[in-house]
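# Coordinates for the following, if possible.
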Amino acid sequence: MSSVDEILPAGDKMKKTLCWISEMLKSHPEKNRGQIISDAEIRFDLSPKECDFIDRKLRDDISECD
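This is a model prediction of the structure:
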């Protein structure tokens, strides 16, 4: 089984991660941001540095996903 890194270039991986998180925030308001970030970290095999970026990015609006 291949990892997400092997399938998607780094920029696409982060865009898909941010869009997935945005969708999860909308569809599961009962979950807190930390739970969703933790799920994304596992789902997209993110590094700690990528998770820090996502945490900072979530403070801004990420609702403009295609």
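# Look up how far Asn32 lies from the residue most central in space within the chain.
Nearest to the geometric centre of the chain sits Thr17, at 3.1 Å (CA atoms, centre = their mean). Here the criterion is CB to CB, to the nearest Å. By it, Thr17 lies 17 Å from Asn32. Quick note: C-beta positions are derived from backbone N, CA and C, even for glycine.
# Give me the contact list for the helix or strand containing Arg56.
With the criterion set as DSSP states H and E, the secondary-structure element containing Arg56 is helix 48-57. Here helix 48-57 makes contact (CB atoms under 8 Å, 6 or more residues apart in numbering) with 14, 17-18, 21, 33, 37, 40-41, 46.
# Over to Phe44: give its phi and psi.
phi -100, psi 10 (degrees, to the nearest 10).
# on that earlier part again, most surrounded residue in the contacts of helix 48-57?
Taking other CB atoms under 10 Å to define a neighbour, the member of these with the most is Thr17, carrying 24 neighbours.
# Contact partners for that residue?
Neighbours of Thr17 in contact, by CB under 8 Å, 6+ apart: 40, 43-44, 46, 50, 54.
# Tell me how far the helix or strand harbouring it lies from the chain's centre.
Counting by DSSP H and E, the element that carries Thr17 is helix 10-27. Between the mean C-alpha point of helix 10-27 and the mean C-alpha point of its chain there is a distance of 4 Å (CA atoms, centre = their mean, to the nearest Å).
# the inter-axis angle of that helix versus helix 48-57?
Computed with axes from the mean of the first three to the mean of the last three CA atoms, to 10 degrees, the direction of helix 10-27 lies at 50 degrees from that of helix 48-57.
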